[in-house]
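Undergrad: show me the folded form of this:
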Amino acid sequence: MRKTWQIHGALALVSLIYGANYIIAKGVMPEYMSPNAFILFRASSATLLFWLFHFFTSKEKVQSKRDYWKFAQCAVFGVTANQLIFFNGLNLGSPVNASIIMTVNPVIVLLISAWFLKDKITSKKIIGILLGAVGVILLILNKEVSLDNDSFLGDVFIFLNATFYAIYLVMVRPLMQRYEPITVVKWVFLFGTIMIIPFGIVPLATTSFESFSSGIWWSVVYVVIGTTFLAYLLNAMALKHVSSTIVGYYIYLQPLFATAITLALGLEKFQWVKALFALMIFYGVYLVSQKPKER
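TA: As a prediction, the model looks like this:
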């Protein structure tokens, strides 16, 4: 029971990190760094952290050469395509639109898991996902939603990102059953960073780091250590114990935490209706996390 609460606590922390990211990282892109430059800097820095962490905490080695190919496949969907498409999509579109579109992620994870991993689709999971999706959309619709034609391509990118990340969550789970989380993540990020280099090396080389204020540097540090290193590592640890569907579902908490932070900072006013939407999301988490009864 204690282990279960620790896992859900880790996933909630990941959602908090991502939720705060919308506020903390605001202003870095594209004024100071282009999307592709930011992605390469983020991925390469996180890769270094993952390898250092593995060096000091684990002696585990890859068991089969075939697994390197599997790590590379996960890197395509979980790092390279995921990051390139998300950051460029966010740069073109609006954060609010992105939050709404990302709610399809748990649905895609559920369907892919059922197809490839033969996970059971229970009525509780379906109700939980739908309840959470409705709660998130109603929460976000209290804000300004952009329907500008210029953001359409950005919205398409965000949808593709949600799909690719869902594929990653399903593909990486079997590897998590055989390896320590840090072993998987360090190789996935190494391959992912190598594949990002052709897209980000020139923009990164032309970035004017001397123009960065201390606030911008702290935002970059947060993205590298918080949104990348900690978030990916905690998600990986959770995938060792729970299904991809449960991990994917926690994306619903991101806009909830983002709203809570803006309320705490006085950027928004409290509304009881938002508390109701929050309860819908939390109850959805409870339903999705329920294990099917043994017959």
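Undergrad: now the host helix or strand of V221: mean pLDDT?
TA: Assigned by DSSP states H and E, V221 belongs to helix 214-221. Taken as a whole, helix 214-221 carries a mean pLDDT of 93.
Undergrad: contacts for the helix or strand following that helix?
TA: Sequence-wise, the next helix or strand downstream of helix 214-221 (DSSP H and E) is helix 231-239. Applying C-beta atoms under 8 Å, 6 or more residues apart in numbering, the contact partners of helix 231-239 are 7, 10-11, 13-14, 17-18, 46, 50, 53, 169, 172-173, 176, 181-182, 184-185, 189, 246-247. The way it works is simple: take the backbone N, C-alpha and C, and place the C-beta from them, glycine included.
Undergrad: which other helices and strands contact the helix holding V221?
TA: For helix 214-221, there is no helix or strand it packs on, judged by 3 or more C-beta pairs under 8 Å, 6 or more residues apart in numbering; DSSP states H and E.
Undergrad: which stretches in this protein count as helices?
TA: 2-24, 35-57, 66-75, 81-92, 95-101, 105-116, 123-140, 152-178, 181-205, 214-221, 231-239, 244-249, 253-264, 272-288 (DSSP state H).
Undergrad: quick one: the first one to helix 214-221, angle?
TA: Regarding helix 2-24 and helix 214-221, their directions subtend 140 degrees when assessed with axes from the mean of the first three to the mean of the last three C-alpha atoms, to 10 degrees.
Undergrad: now helix 2-24 - C-alpha only, CSV.
TA: Extracted as CSV, the C-alpha positions of helix 2-24 are listed here (Å, rounded to 0.1, in the frame of the first residue of the first chain):
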residue,chain,number,x,y,z
ARG,A,2,2.8,2.4,0.9
LYS,A,3,4.6,1.6,-2.3
THR,A,4,1.4,2.4,-4.3
TRP,A,5,1.2,5.8,-2.6
GLN,A,6,4.9,6.5,-3.3
ILE,A,7,4.3,5.7,-7.0
HIS,A,8,1.3,8.0,-7.3
GLY,A,9,3.1,10.6,-5.3
ALA,A,10,6.0,10.5,-7.8
LEU,A,11,3.5,10.8,-10.7
ALA,A,12,1.8,13.7,-9.1
LEU,A,13,5.2,15.4,-8.6
VAL,A,14,5.9,15.0,-12.3
SER,A,15,2.6,16.7,-13.1
LEU,A,16,3.4,19.5,-10.7
ILE,A,17,6.8,19.9,-12.4
TYR,A,18,5.2,20.0,-15.8
GLY,A,19,2.4,22.3,-14.6
ALA,A,20,4.9,24.8,-13.2
ASN,A,21,7.0,24.6,-16.4
TYR,A,22,4.3,26.6,-18.3
ILE,A,23,4.9,29.5,-16.0
ILE,A,24,8.6,29.2,-15.1
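Undergrad: what sits up against it?
TA: Taking C-beta under 8 Å, 6+ apart as the rule, helix 2-24 contacts 95, 99, 218-219, 222-223, 226-227, 230-231, 234-235, 237-238, 241-242, 246-247, 250-258, 260-262, 265, 285, 289.
Undergrad: which parts of it are buried?
TA: 7-8, 10-24 (16 or more other C-beta atoms under 10 Å).
Undergrad: measure how it sits relative to helix 81-92, angle-wise.
TA: Going by the same axes, to 10 degrees, helix 2-24 makes 40 degrees with helix 81-92.
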